[in-house]
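Visitor: Turn this into a model:
(chains A and B)
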There are 2 protein chains.
Amino acid sequence: MSELKNLAQSVQKALEELFERTTIPSQVKEAMWYSVSAGGKRLRPALMLLFCRAFGGQDADAMPYACAMEMIHTYSLIHDDLPAMDNDDLRRGRPTCHKVYGEGMALLAGDGLLNFAYETMISAAKQSPVRGIRAMDEIACGAGVTGMIAGQCMDLSNERGNADYATEDVHRAKTGAMIRAACTAGAILGGADEEGIAAAACYGEKLGLAFQITDDILDVTGDEAKLGKPIGSDERNEKQTYVGLYGLEKARELAAQVTAEAIEALAAIDGDTQVLSSIAQSMLEREA
Amino acid sequence: MSELKNLAQSVQKALEELFERTTIPSQVKEAMWYSVSAGGKRLRPALMLLFCRAFGGQDADAMPYACAMEMIHTYSLIHDDLPAMDNDDLRRGRPTCHKVYGEGMALLAGDGLLNFAYETMISAAKQSPVRGIRAMDEIACGAGVTGMIAGQCMDLSNERGNADYATEDVHRAKTGAMIRAACTAGAILGGADEEGIAAAACYGEKLGLAFQITDDILDVTGDEAKLGKPIGSDERNEKQTYVGLYGLEKARELAAQVTAEAIEALAAIDGDTQVLSSIAQSMLEREA
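Guide: Have a look, this model is predicted:
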């Protein structure tokens, strides 16, 4: 989808400018940039910018928060890949951060990205304190110990056999909370009313669920070259997945159903939601 | 000093309430609380509360930020102690977080504390957006890739022989930036004008420097039982220190001089700065 590519390029450019104008010790800056510039789909910042637009906001209103969102996403990947967690050597087809820069520097690069995300948002919030604080609140809760970090913790505890959290709960926290936050924060920064914010939240929740189910399906049926990572890792790690839980066919049905619900939620929004609708559809059909 | 003990208790109580009312998966919550409740002097939150008071603010105005400051400090210790960094087994006389909960959970506990610190501040900033954002800005910059994380990175690079950052620069970033931020954020939350904020910054910078020089001295002359950690680790790790740089006697003189400068900076403040003055003096004379 060309609009998603345009948005990814805008985010990349904004991230470059942010790194260029900040004085960071060279080793950690290089490690941070290595991971954050590796890219991927830039789904979260794109969702944020699109919801901001849908409620009449300018890209500039949401861009610092979109960059922060991507930095938080990247920090979580760097820490997740560490030997103490998933111990992955490859990410997005390249060696992981700690394989290139060492574990200590990768740890600091992750910490640095998380904190830099907040520095960036706090600085932007000076322009529009009330909306800024509310958007940061959504993002911080999505990223935190009741959101993404909670999900990582549940995942780790399940893997170690210390707990038995349900697949749905793990995914809702680990992946869903940040996708939802990208949507709600974008709506807030664009000036949405409460009904609009609720519609964004609903779309985000359903999309996050569809995204995770599709991830699980691709880990079974995907093409390693397209994915840029080995398939079958969930089964090897004895991870609970939607495919494991419901079987492949039912998992596909479920993904299609929640995608349709995500698209339905957009009906409550007056502005242009065509690209958001296409994103939901294409997430369902993606191969990587 | 009894007032410092009172302040430490207030902070402990506020942290307890914060953890009690937040739903966090039990394993990571336990690991976070294990480290954050271990206490120590609570110097940073105490400084914040005292500067807030000195400019006429209430403790309640600064308490969420003081808790956040302590959580950020604790996260940095947990990550610093990990095998990928300093690989320390003891902290404050107890086994380090990763020795008790494993490396993966300690990593997440650190991430969780850093993010929870921002969640706590952002939530508090809703009450007083302009001051809140400015205080968060000071804290985020102090904690980040131009502050504390920069210092940790310079430290790590020096140890690995990849760089040769000057002792002063490392310490100013690693320890000084957060102590300075505690002071300036406290002043901002208490309603200080620009002159007051500058005085708080000056006190914080000098105190941070005195604190680090004294730390270096204690690593040579200290009592392991009182410190709760082995001495001589700087020399073993070939770390640049003020003692190594200037010798013991000159390092002591330097600590006394910057302490006097910290106390002088308080003269510009109309409110009660007696305890802040005593803290500076007692930091110089501390044994742990």
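Visitor: low-scoring stretches of the stretch 151-288 of chain A, by residue?
Guide: Within the stretch 151-288 of chain A, the segments meeting pLDDT under 70 span A:228, A:237-238.
Visitor: For it, which segments count as helices?
Guide: With DSSP state H, counting those that start in this stretch, the ranges of helices along the stretch 151-288 of chain A come out as A:167-171, A:177-190, A:194-221, A:224-227, A:233-236, A:242-246, A:248-265, A:274-285.
Visitor: which of those helices is buried the deepest?
Guide: Ranked by mean neighbour count under mean count of other CB atoms under 10 Å in any protein chain shown, the helices of the stretch 151-288 of chain A are led by helix A:177-190, which reaches a mean of 30. Where C-beta positions appear, they are placed from N, C-alpha and C, glycine not excepted.
Visitor: Chain B is nearest to which of the helices of the stretch 151-288 of chain A?
Guide: helix A:167-171 (9.6 Å; CB to the nearest CB).
Visitor: just how off-centre is that closest one within its chain?
Guide: When C-alpha coordinates are averaged (CA atoms, centre = their mean, to the nearest Å), helix A:167-171 and its chain have centres 16 Å apart.
Visitor: if we look at it, which residues are touching it?
Guide: A:Gly151, A:Met154, A:Asp155, A:Asn158, A:Gly208, A:Leu209, A:Gln212, A:Gln240, A:Thr241, A:Tyr242, A:Gly244, A:Leu245 (CB atoms under 8 Å, 6 or more residues apart in numbering or on different chains).
Visitor: run the last query once more with 6 Å
Guide: A:Gly151, A:Met154, A:Asp155, A:Gln212, A:Gln240, A:Leu245 (CB atoms under 6 Å, 6 or more residues apart in numbering or on different chains).
Visitor: ok now do the second one, which residues does it touch?
Guide: For A:Met154, the residues meeting the contact criterion (CB under 6 Å, 6+ apart) are A:Tyr165, A:Val170, B:Pro25.
Visitor: nearest spatial neighbour of the first one, skipping sequence neighbours?
Guide: The one in question is A:Tyr165. A:Met154 (4.0 Å; CB to CB, 6 or more residues apart in numbering or on different chains).
Visitor: returning to what we had before: farthest pair within the contacts of helix A:167-171?
Guide: Largest separation among the contacts of helix A:167-171 by CB to CB: A:Gly151 and A:Leu245, giving 16.5 Å.
Visitor: Of the contacts of helix A:167-171, which is the nearest to A:Asp59?
Guide: Nearest member of these to A:Asp59, counting by CB to CB, is A:Gln212, at 27.7 Å.
Visitor: correct me, but the closest one touches A:Thr175?
Guide: Yes. Counting by CB atoms under 6 Å, A:Gln212 does reach A:Thr175; the two are 5.0 Å apart.
Visitor: Need the residues touching each of those two.
Guide: In contact with both A:Gln212 and A:Thr175: no residue, using CB under 6 Å, 6+ apart.
Visitor: dump the residue contacts of the nearest residue to A:Cys202 once chain neighbours are set aside.
Guide: Spatially, and ignoring its direct neighbours in sequence, A:Cys202 is nearest to A:Ala265 (4.0 Å; CB to CB, 6+ apart). Counting by CB under 6 Å, 6+ apart, A:Ala265 makes contact with A:Ala199, A:Cys202, A:Tyr203.
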